[in-house]
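Engineer: quick one, structure for this:
(6 chains)
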Number of protein chains: 4
Amino acid sequence: MPKRPARGRPVGRGVTRDNILRAAIDVFAKHGYAGARVDRISKAARSTDRMIYYYFNSKEELFVVALETIYKELGEAEAALDLSGLNPDESLRAIIKFNWNHYLAHPEMLTLLNNENLQQGKHVARSKRVKELSFPLLAILSRVLARGVKEKMFRPNINPYDLYIAICALGYFYLSNRFTLSAFLGRTLMAPRSLAHWEVLIQDIIMRFVCVTPRATRASANGSI
Amino acid sequence: MPKRPARGRPVGRGVTRDNILRAAIDVFAKHGYAGARVDRISKAARSTDRMIYYYFNSKEELFVVALETIYKELGEAEAALDLSGLNPDESLRAIIKFNWNHYLAHPEMLTLLNNENLQQGKHVARSKRVKELSFPLLAILSRVLARGVKEKMFRPNINPYDLYIAICALGYFYLSNRFTLSAFLGRTLMAPRSLAHWEVLIQDIIMRFVCVTPRATRASANGSI
Amino acid sequence: MPKRPARGRPVGRGVTRDNILRAAIDVFAKHGYAGARVDRISKAARSTDRMIYYYFNSKEELFVVALETIYKELGEAEAALDLSGLNPDESLRAIIKFNWNHYLAHPEMLTLLNNENLQQGKHVARSKRVKELSFPLLAILSRVLARGVKEKMFRPNINPYDLYIAICALGYFYLSNRFTLSAFLGRTLMAPRSLAHWEVLIQDIIMRFVCVTPRATRASANGSI
Amino acid sequence: MPKRPARGRPVGRGVTRDNILRAAIDVFAKHGYAGARVDRISKAARSTDRMIYYYFNSKEELFVVALETIYKELGEAEAALDLSGLNPDESLRAIIKFNWNHYLAHPEMLTLLNNENLQQGKHVARSKRVKELSFPLLAILSRVLARGVKEKMFRPNINPYDLYIAICALGYFYLSNRFTLSAFLGRTLMAPRSLAHWEVLIQDIIMRFVCVTPRATRASANGSI
DNA sequence: CATGAATGAGCTTTCATTCAT
DNA sequence: CATGAATGAAAGCTCATTCAT
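Structural biologist: Below you'll find the model as predicted:
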C-alpha cells in the first residue's frame, strides 16, 4: 500500500536513522529476526520501509547494527563501573549486581542475544568490536580475584572465564527463560520481591563458590522466593 | 509447493504424523518459530504441507505440540533417573549431571524454549501438562535436600525452586548462549574437554552452595577450561 | 483434520441424505455456489464431507439437486392453490399473493435462483422437470385472463407470459435486492408494515395493468410505505 | 502465480489501478465474490496479484470499491439525463427508459448487486456515498410526479419510493433472472424484439399505474414477446 | 539527501475430492 | 451401507527488496 510519510513529529537529520535503530532493537527483541517484519520496524520508527534500506541496506545489516549497539551499550555501562575503594568481596558483589541490573534494565539484550544464538552466532562471529569488549571486564574480574586470593579471602585457581559465565548464567537464564520457567514451576518470577531475592541468591552462590570461608547472606538464609 | 506425493518410503498409520512432529521439533529448533517455514518442515518429514494441516491444523498448533513433546520427553527421562542407594550429595550430583546431559542430548529443547520465551510463553501458559511435569522433579529435589539436612551434610533452608533454577541456569546458559559467549570471550566452549570441565564446575558451584562444609572437586581445582 | 462422526442425534436411513440436502440449500443460499464450502454444508448437516460425496458425488450435483428441490417445492405449493369459486379479479389477486408469500416463506429460493443466474443458468438449462413446471401455472393464468376478458373485466391481448414475469419481478426484486435497496434508499423494507404495503402495491399495479377500468385499492391510495 | 511482470503494454501512473478495477468489476460480475479468483482478476487486468494488494489491500476492499464504482457510474449517467422541455408523462417514460437502458448497458451492475445482496449488503451498508446517490434521483421523480398531479395527468399520492422500486423491479428482474426465467418459461428473452417489447411493457405497466386515465401504448396492445 | 511507487518470490492455509476398507 | 484417512492443487496474502526520480 502507498505508505504515508509519517508526519508524527518533525524529524531532524539522522534522527530518522536513530529512530529506526531503536525501533529495530525493540522489534527484533520482541519477535526474533525472522518474526521482525521490516514494516513493523518502520511503523514503530514512524518512518517507512524505504528508509530502512536507505540507512541500513538490508534487514540483516540492520540486525548486525542492532546487535553491535547493545554490545556497545554494555561496554559503556561497564566503563562506568567504579570499584575503587572496595575490598575484593565487595567488588565481586558489585560486579554481580551490575550484571544483573544491566539485564533488568536492558531486556532487549537478552532477546537479541537469544536470537543471535538461534542463528548460530553468524553475525557476532564477524564482529571485532564484540571480541574486544570482553577484555576490560575479564581484566577487572582477574584483578579482583587476584586481590582476593592475596588477602586469603578467595580460593586460588578460580578461572575468571568460568566465574564470568557462571555470573551471567545465573542472571540471564532467570530472566530470559522467565516465561517457560514460570509456567513450569507455577511461580511468579518477576515480582519485585522475587527479583530482589534472586539478586541476593546469585551473590550468595557465587561468593560461596569463590570464598575460602563461605559466609551466609541474610536473604539466602530464609529460603523462600 | 508440495507437488510430489512423497513416496520415499512406505508409511504406516500415524508414522507420517510422527515424522512431521520430529521434523517440526528439528526445524523449529533450527530456525525459530517464524523462520521455520511450513514447507521446510514437510520436506524434512518427507511429507507435504497439506499433511501438516491435516494433523495439526496450523503452524501454531504444531509448535504447541512440539513444545509439549520436548517437555514430555524431559519428564520421561527424569522418571528413569534412579537415585536409590545414593547418599544425598551423590544424589544431588546425579541430578545435576542428568540435567546437563539432557540439555546436551537434546539441544532442540534449548532453542525451542528460547523461542517460546521470545513469544512470551503464550503457548506454554495454556498447557496443563507442562505444569504438572515439575512436581515429580521438585519432589525429588526436596527429598534429597531434606535427607542432606538430616545427615548434617546440607545447609537448612535451601529452597528447592531456587536450587532447581540455579542448576538449570548454569547448564542452559552455557549451551544456549555458546555462540555469542564464544565470540565474546574468544574461547571454545564445545570441545569435549570444555564440556567435561563445565559439567564438573556446575556440580562444584552447586555443592558449595548447598553443603555445610564445602568439598572441592578435583576438576574445579585445576582451573582452566 | 480427522472429522468426528457427528453423533449429535442418532440418524436413521436416508435422514443423513436429507439433512445434507437441507443444509446445502441453506448454505448455497447464504454464500453462493463458490462461497458454499463443502465442509460448511457437512457441518450444518451434522455429517461429514465424505457423506456428501457418498450421496451426491460432487458439489455441483448437490447444487443441481438443491435447485430442483426448490423448484419442486414451488410446484407443490402451486398445486395446492385453489381458485375455484373466485371470479377473475379475485383469482388474479390470489395468484399474486401466492407468489409473494411463496418468496417470503422461501427466501432460499431467491438466493438459489440468483446463484443459478450468476452461473448463467447452466444447471437449470439441462433440467426437464423445471420446464414442465411452468405449464400448469401458465395455464391457470391464461384461463383467468380469458375469463376476465370474457367478463369485460380484463383488457384483451394481455400476454400471460408478460403478466407472469411482471408479477414475479415486482415481488422478487423487492425481496432479493432488499439489502442494496435499503442502503440506497435509506428505508426499511422488511418491517411487517412495509411488507404488507408492498403486497398490496403489487396487486394494485398488476390490476391496473390488466383491468379495463382500474379500481384503486385502499393501500395504494394512502401512499407511504 | 504471478511470474511475469506484465509488460503487455506500457502503463502510466494509475492506469494499472484502473485496469485492475475494471477487471475486478468484470470478474466479480461473472463469477461472484467467492468465485472471482484474485489471479483471474490480475490476469484480466494484465497485471499481477501483488498489484491488487498494493492498490486495494484485500479482495474484499477491492469488491467494495468495485461496488462503489458502479453506483457512482449510475449516478453520473443519471446526472446526464435531461428532462427539460418534456411534459410529465414524457419525463416519466424517459426515466423508465433510462433505467432499462442502463441495466442493458451495464449488466455487471446486476450481477454485482446480486452478489452484494447474497452477502446481505455488508459492504454497501458502510458506504455513505451510496446513500447520497439516491437523493437526486428521488428528487427528480418527486418533481415529475408533482407536475403530473398538478396537470391532472397523474393520480395523487403515488409514493416516489414505491414508484422507483417498481420501475427497477420490472427491468432488473427480467434481465437478472433471464437464465432461469428462460428455462422455466421456455422462451427467448434476449432477442432484440423481446427486449424492445419488454421496454415498452414496463412503460405501459408504470404509466397505467400512475396515470389517471390510462392510455395504451401501441406495442403493449399486440401482445406477444 | 530523501522517498513514493512498484514488485518477484514465497508464505500459510483452504478447497473439493479420492483412497481404502 | 457407511466412513476415517489422506491429498493435489490452488487460493489469498505477505515478505524483503528494487526502481526511479
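Engineer: C-alpha only now, for contacts and for neighbours.
Structural biologist: OK.
Engineer: just want the angle from the helix or strand containing residue A:174 to helix B:160-176.
Structural biologist: Assigned by DSSP states H and E, residue A:174 belongs to helix A:160-176. Relative orientation of helix A:160-176 versus helix B:160-176 (axes from the mean of the first three to the mean of the last three C-alpha atoms, to 10 degrees): 110 degrees.
Engineer: does chain B sit close to helix A:160-176?
Structural biologist: Yes - when contact is scored as C-alpha under 8 Å from any C-alpha of the partner chain, part of helix A:160-176 falls within range of chain B: A:161-162, A:165-166, A:169-170, A:172-174, A:176.
Engineer: filter those residues to the buried ones?
Structural biologist: A:161-162, A:165-166, A:169-170, A:172-174, A:176 (16 or more other C-alpha atoms under 10 Å in any protein chain shown).
Engineer: you'd agree residue A:19 is up against residue A:45?
Structural biologist: Yes - counting by C-alpha atoms under 8 Å, residue A:45 is a contact partner of residue A:19 at 5.1 Å.
Engineer: these two - which one has more neighbours?
Structural biologist: residue A:45 (23 against 17; other C-alpha atoms under 10 Å in any protein chain shown).
Engineer: list the contacts of that one.
Structural biologist: A:16, A:19-20, A:22-23 (C-alpha atoms under 8 Å, 6 or more residues apart in numbering or on different chains).
Engineer: ok, now which ones touch residue A:63?
Structural biologist: Each residue near residue A:63 by C-alpha under 8 Å, 6+ apart is listed here: A:24-25, A:28, A:33.
Engineer: with residue A:153 instead?
Structural biologist: Counting by C-alpha under 8 Å, 6+ apart, residue A:153 touches A:88-89, A:211-213.
Engineer: rewinding a little: closest to residue A:204 out of the contacts of residue A:63?
Structural biologist: Among those, residue A:25 lies closest to residue A:204 (C-alpha to C-alpha), at 33.0 Å.
Engineer: the closest one and chain C, how far apart?
Structural biologist: 39 Å (C-alpha to the nearest C-alpha, to the nearest Å).
Engineer: so who does that residue touch?
Structural biologist: A:63, A:66-67, A:108, A:112.
Engineer: and the two most separated of those residues?
Structural biologist: Checking the contacts of residue A:25 with C-alpha to C-alpha, the most distant pair is A:63 and A:108, at 12.7 Å.
Engineer: hey, C-alpha coordinates of the strand or helix carrying residue A:76 in PDB?
Structural biologist: Taking DSSP H and E as the definition, one finds residue A:76 inside helix A:59-79. What follows is helix A:59-79, C-alpha atoms only, in PDB (Å, rounded to 0.1, in the frame of the first residue of the first chain):
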ATOM      1  CA  LYS A  59      17.300  -6.300   7.200                       C
ATOM      2  CA  GLU A  60      20.300  -8.300   8.000                       C
ATOM      3  CA  GLU A  61      22.700  -5.400   8.200                       C
ATOM      4  CA  LEU A  62      20.200  -3.600  10.400                       C
ATOM      5  CA  PHE A  63      20.200  -6.600  12.700                       C
ATOM      6  CA  VAL A  64      24.000  -6.500  12.900                       C
ATOM      7  CA  VAL A  65      24.000  -2.900  13.800                       C
ATOM      8  CA  ALA A  66      21.300  -3.500  16.400                       C
ATOM      9  CA  LEU A  67      23.400  -6.300  17.900                       C
ATOM     10  CA  GLU A  68      26.500  -4.100  18.000                       C
ATOM     11  CA  THR A  69      24.600  -1.300  19.600                       C
ATOM     12  CA  ILE A  70      23.500  -3.400  22.500                       C
ATOM     13  CA  TYR A  71      27.000  -4.700  23.000                       C
ATOM     14  CA  LYS A  72      28.400  -1.200  22.800                       C
ATOM     15  CA  GLU A  73      25.900  -0.100  25.500                       C
ATOM     16  CA  LEU A  74      27.000  -3.000  27.700                       C
ATOM     17  CA  GLY A  75      30.600  -1.800  27.300                       C
ATOM     18  CA  GLU A  76      29.700   1.800  28.100                       C
ATOM     19  CA  ALA A  77      27.800   0.700  31.200                       C
ATOM     20  CA  GLU A  78      30.800  -1.400  32.300                       C
ATOM     21  CA  ALA A  79      33.100   1.600  31.800                       C
END
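Engineer: can you map out the strands along chain A?
Structural biologist: Taking DSSP state E as the test, none of chain A falls into strands.
Engineer: output the lowest mean pLDDT helix or strand found in it.
Structural biologist: When the helices and strands of chain A are scored by mean pLDDT, DSSP states H and E, helix A:218-221 comes last with a mean of 42.
Engineer: need the contact partners of the helix of greatest length in chain A.
Structural biologist: Scanning chain A for the longest helix, with DSSP state H as the assignment, gives helix A:128-150. Contacts to helix A:128-150, defined as C-alpha under 8 Å, 6+ apart, come from residues A:68, A:71-72, A:75, A:78, A:88-89, A:91-92, A:124, A:154-156, A:158, A:160-161, A:164, B:183-186.
Engineer: give me the buried subset of those residues.
Structural biologist: A:68, A:71, A:75, A:78, A:88-89, A:91-92, A:124, A:154-156, A:158, A:160-161, A:164, B:183-185.
Engineer: and chain C, which of these contact it?
Structural biologist: Answer for those near chain C: none qualify (C-alpha under 8 Å from any C-alpha).
Engineer: run through chain A and note the low-pLDDT ranges.
Structural biologist: For chain A, the stretches with pLDDT under 70 are A:1-14, A:214-225.
Engineer: now do the domain split for chain A, please.
Structural biologist: Domains of chain A are assigned by automatic domain parsing as A:1-57, A:66-221.
Engineer: could I get the ones you listed as TSV with distance to residue C:128?
Structural biologist: Putting these into TSV (distance: least, C-alpha to C-alpha, whole Å) gives the following:
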stretch	distance to residue C:128
domain A:1-57	51
domain A:66-221	67
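Engineer: residue A:158 is in contact with residue A:210, correct?
Structural biologist: Yes - if you go by C-alpha under 8 Å, residue A:210 and residue A:158 touch, sitting 7.1 Å apart.
Engineer: how about the residues of chain A by DNA strand F?
Structural biologist: A:34-39, A:49-50, A:53, A:57-60 (C-alpha under 7 Å from any atom of the strand).
Engineer: TSV please, covering those and showing distance to chain C and neighbour count.
Structural biologist: Below are the residues of chain A next to DNA strand F laid out as TSV (distance: C-alpha to the nearest C-alpha, whole Å; neighbours: other C-alpha atoms under 10 Å in any protein chain shown):
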residue	distance to chain C	neighbour count
A:34	28	17
A:35	27	17
A:36	30	20
A:37	30	17
A:38	34	21
A:39	32	14
A:49	36	18
A:50	38	14
A:53	41	14
A:57	43	12
A:58	40	12
A:59	37	18
A:60	38	13
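Engineer: now, the residues you listed that are in helices?
Structural biologist: Those of those mapping onto helices are A:34-35, A:38-39, A:49-50, A:53, A:59-60, per DSSP H.
Engineer: ok, and which of those reach DNA strand E?
Structural biologist: Near DNA strand E, by the rule C-alpha under 7 Å from any atom of the strand, you find residue A:50 out of these.
Engineer: out of the ones in helices among the residues of chain A next to DNA strand F, which one sits closest to residue D:203?
Structural biologist: Nearest member of those to residue D:203, counting by C-alpha to C-alpha, is residue A:39, at 58.1 Å.
Engineer: mind listing what the closest residue to the closest one other than its chain neighbours touches?
Structural biologist: Nearest residue to residue A:39, sequence neighbours excluded (C-alpha to C-alpha, 6 or more residues apart in numbering or on different chains): residue A:49, at 5.5 Å. By C-alpha under 8 Å, 6+ apart, the residues touching residue A:49 are A:38-39, A:41-42.
Engineer: give me that answer again for 10 Å
Structural biologist: For residue A:49, the contacting residues are A:3, A:20, A:37-43, by C-alpha atoms under 10 Å, 6 or more residues apart in numbering or on different chains.
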